[in-house]
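*Asks:* Sequence first, then the predicted structure:
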Amino acid sequence: VATFTSLGFVFGPVGVFWYKYLDIWFPGTAALQIVKKLILDEITWGPLFAGMVFYVLPLVETLSHEEALKELKLKFFKAWIASAGFWLIFQSINFKFLPTKYRMIYLFGVSFVYDTALSIYRYQY
């Protein structure tokens, strides 16, 4: 739990700035702007988070580089694809209906569910 929670201390503050800049780069809630935000978010944030979960966390848990790399290769792609399906739904709601200042509060709640599922996947498979 502690190692997984530590990711929140990294991604939380970064996320505040990330979503602020997404709204600067792609202002508004028109469908095309939301699609641009979704694509950029998923091709950057998704792989970065999955890489942290399947490579960095194992290192923090004292696995060797080889063991961590093996876990990354085994689980990364499947988790990222599942992540895309999950987050596209919730991020669409986020980008359409929530003001920037409330995005991280919403995402903390949604990510609790996602992180729990990802943790189960990581430790049971």
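*Replies:* Cool, got the structure. Here the structure is a predicted model, which is why all the values come from computation and not from measurement.
*Asks:* Give me the contacts around stretch 30-38.
*Replies:* Leu22, Trp25, Phe26, Pro27, Leu88, Gln91, Ser92, Phe95, Lys96 (C-beta atoms under 8 Å, 6 or more residues apart in numbering). The C-beta positions use only the backbone N, C-alpha and C, and glycine is treated the same way.
*Asks:* Recalculate using a threshold of 6 Å.
*Replies:* Residues outside stretch 30-38 that contact it (C-beta atoms under 6 Å, 6 or more residues apart in numbering): Leu22, Phe26, Leu88, Gln91, Phe95.
*Asks:* Please compute how far it lies from its chain's middle.
*Replies:* Chain-centre distance of stretch 30-38: 18 Å, with C-alpha atoms, centre = their mean, to the nearest Å.
*Asks:* again with stretch 23-35
*Replies:* Remark: stretch 23-35 is offset 19 Å from the chain centroid, using C-alpha atoms, centre = their mean.
*Asks:* For it, which residues meet the burial criterion?
*Replies:* Asp23, Phe26, Gln33, Ile34 (16 or more other C-beta atoms under 10 Å).
*Asks:* List just the nearest of those to Met104.
*Replies:* Comparing the buried residues of stretch 23-35 against Met104 with C-beta to C-beta places Asp23 closest, at 12.6 Å.
*Asks:* Could you pull up the residues touching the closest one?
*Replies:* Residues in contact with Asp23 (C-beta under 6 Å, 6+ apart) are Thr100.
*Asks:* can you tell me the helix or strand for it?
*Replies:* Element membership for Asp23 (DSSP states H and E) is helix 2-25.
*Asks:* The following helix or strand past that helix versus helix 2-25: what angle between them?
*Replies:* Sequence order places helix 31-51 as the next helix or strand after helix 2-25, per DSSP H and E. Helix 31-51 and helix 2-25 are oriented at 160 degrees to each other (axes from the mean of the first three to the mean of the last three C-alpha atoms, to 10 degrees).
*Asks:* can you give me the mean pLDDT across helix 31-51?
*Replies:* Helix 31-51 carries an average pLDDT of 94.
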